[in-house]
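Student: return a 3D structure for these sequence lines:
(one chain, ligands or ions: 1)
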Amino acid sequence: MNIIQTHDLCKQYGNALRVSHLNLNVPEGSIYGFLGPNGAGKSTTLKMILGLVRPTAGSIRVLGKDMDNSNRLSVLRQVGSLIESPSYYGHLTGEENLRIVQTLRGIPEKNIREVLQIVRLDGQREKKVAHYSLGMKQRLGLAAALLGYPKLLILDEPTNGLDPAGIQEMRELICDLPGRFGMTVVVSSHLLSEIDQMANHVAIIREGELVFQDSLEALHGRSRHHLALRTTNNAIARRLLAEQSVPCEEENGYLILPILSDEVAAQLTGFLAGNRLGIVRLEERQKSLEDIFLDLTGKAASL
Ligand SMILES: Nc1ncnc2c1ncn2[C@@H]1O[C@H](COP(=O)(O)OP(=O)(O)OP(=O)(O)O)[C@@H](O)[C@H]1O
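Tutor: Model prediction:
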């Protein structure tokens, strides 16, 4: 089952379509990485799912229900979120801040201690939040999102601004959630490396459009090895290869072929040479995940 399903979801600001016909499918129990360069439309999309921004067009289903006026509040009761930097009362302790949320939302009191333990803030629960580090504040935000043990957790760039240790800690906490509590987690990032270490499903958006959505494994699959061939006349070589039923695409002056056995590669090069084509280069290559991200989004992976 898909915990989130959007259909042709759009958001227009002024004349610009910032989110364009998005069809997202978030499988139950997954950590779904929502990846895209800055300004691609990630926050806008997550806010639409959470009912904080009204879509221009399209529909959203969350936990099997349409997000319309009659269902929205009951669905959102089962959803936790951390969008932008969380706000706190600095003069209150971490525990007191959580108590406010717990009381307002009618959540059992015992959950406060439990979530403080989950986010490893148990030892600092009596410290004023004004004295928390950025990483601790972010973990307190996660604790607040976890208070009601939601079925779905939506985290918008939860590691933004954290130091490497803070990023690592947040990542470990997120990775544990589906296994420990059966949660589905949607986590956005502009960093491919981060999603690569956390998610098992990935969606990539570019200028509001979905350019990839599948398992992380499938994304890695795109980085498999291939052969790059350059000849004295690629156009003729391509035609000759097609006649031999060898698929290839042209990219930056090279013909890109699937990996071939040594025997087949020798036969093919002999065949091309027999047709008066010079083999200038024949190389084995592998695309990195960064290359794939760049191909898909036109932006470097760490923007
Ligand atoms: N309230 C708004 N009014 C007008 N334009 C907006 C508004 N909110 C967002 N935008 C524009 O929509 C586009 C997408 O913004 P969004 O914040 O969703 O991107 P993002 O992928 O989350 O990027 P970032 O990581 O920088 O937050 C941007 O061009 C942004 O300027």
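
Student: show me the beta-bridge partners of Ala16.
Tutor: Tyr13 (DSSP bridges).

Student: wait, Glu194 touches Arg171, no?
Tutor: Yes. Counting by Cβ atoms under 8 Å, Arg171 is a contact partner of Glu194 at 7.2 Å. Placement of C-beta: from N, CA and C, glycine included.

Student: anything in contact with each of these two?
Tutor: Jointly contacting Glu194 and Arg171 under the rule Cβ atoms under 8 Å, 6 or more residues apart in numbering are Thr159.

Student: just how off-centre is stretch 112-120 within its chain?
Tutor: Its chain's C-alpha centre and that of stretch 112-120 lie 26 Å apart, by Cα atoms, centre = their mean, to the nearest Å.

Student: related to what we said a few turns ago, more neighbours: Glu194 and Arg171, which one.
Tutor: Per other Cβ atoms under 10 Å, whichever of Glu194 and Arg171 has more neighbours is Glu194, with 20 against 17.

Student: just the element for that one, please.
Tutor: helix 192-198 (DSSP states H and E).

Student: same check, this time on Thr44
Tutor: Secondary structure here is read from DSSP H and E; on that basis Thr44 sits in helix 42-49.

Student: now His21
Tutor: In this structure, His21 is located in strand 16-22 according to DSSP H and E.

Student: quick one: list the elements packing against that strand.
Tutor: strand 2-13, helix 42-49, strand 209-215 (3 or more Cβ pairs under 8 Å, 6 or more residues apart in numbering; DSSP states H and E).

Student: can you give me the helices for the stretch 151-300 of the chain?
Tutor: 164-181, 192-198, 216-221, 234-243, 262-274, 289-297 (DSSP state H, counting those that start in this stretch).

Student: the ligand: which of these is closest?
Tutor: The ligand lies closest to helix 289-297 among the helices of the stretch 151-300 of the chain, at 11.0 Å (Cβ to the nearest ligand atom).

Student: how about stretch 128-141, which residues are buried there?
Tutor: Using 16 or more other Cβ atoms under 10 Å as the burial criterion, the residues of stretch 128-141 that qualify are 128-129, 132, 135-141.

Student: hmm, I was thinking of stretch 26-33
Tutor: So, applying 16+ other Cβ under 10 Å, buried residues of stretch 26-33: 26, 28, 30-33.

Student: give the contact list for the residue of the stretch 101-250 of the chain found nearest the ligand.
Tutor: Scanning the stretch 101-250 of the chain for the residue nearest the ligand gives His190, at 5.3 Å (criterion: Cβ to the nearest ligand atom). The neighbours of His190, taking Cβ under 8 Å, 6+ apart as the test, are 35-38, 40, 42, 157, 303.

Student: just the residues you listed that are near the ligand?
Tutor: Counting by Cβ under 6 Å from any ligand atom, 36, 38, 40, 42 from those sit close to the ligand.

Student: JSON lines for those, including pLDDT, secondary structure and neighbour count?
Tutor: Formatted as JSON lines, the ones next to the ligand among the contacts of His190 follow (pLDDT from 0 to 100; DSSP: H, G, I helix; E, B strand; the rest coil; neighbours: other Cβ atoms under 10 Å):
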{"residue": "Gly36", "pLDDT": "91", "secondary structure": "coil", "neighbour count": "26"}
{"residue": "Asn38", "pLDDT": "88", "secondary structure": "coil", "neighbour count": "10"}
{"residue": "Ala40", "pLDDT": "93", "secondary structure": "coil", "neighbour count": "25"}
{"residue": "Lys42", "pLDDT": "96", "secondary structure": "helix", "neighbour count": "22"}
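
Student: rounded mean pLDDT for stretch 93-101, please.
Tutor: Here stretch 93-101 scores 95 as its mean pLDDT.

Student: residues making contact with it?
Tutor: The contact list for stretch 93-101, computed with Cβ under 8 Å, 6+ apart, reads 88-89, 92, 107, 109, 112, 115-116, 121, 124-129, 132, 136, 140, 143-144, 147.

Student: got JSON lines for the contacts of His190, with distance to Pro178 too?
Tutor: Formatted as JSON lines, the contacts of His190 follow (distance: Cβ to Cβ, whole Å):
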{"residue": "Leu35", "distance to Pro178": "18"}
{"residue": "Gly36", "distance to Pro178": "22"}
{"residue": "Pro37", "distance to Pro178": "27"}
{"residue": "Asn38", "distance to Pro178": "27"}
{"residue": "Ala40", "distance to Pro178": "25"}
{"residue": "Lys42", "distance to Pro178": "21"}
{"residue": "Glu157", "distance to Pro178": "20"}
{"residue": "Leu303", "distance to Pro178": "28"}
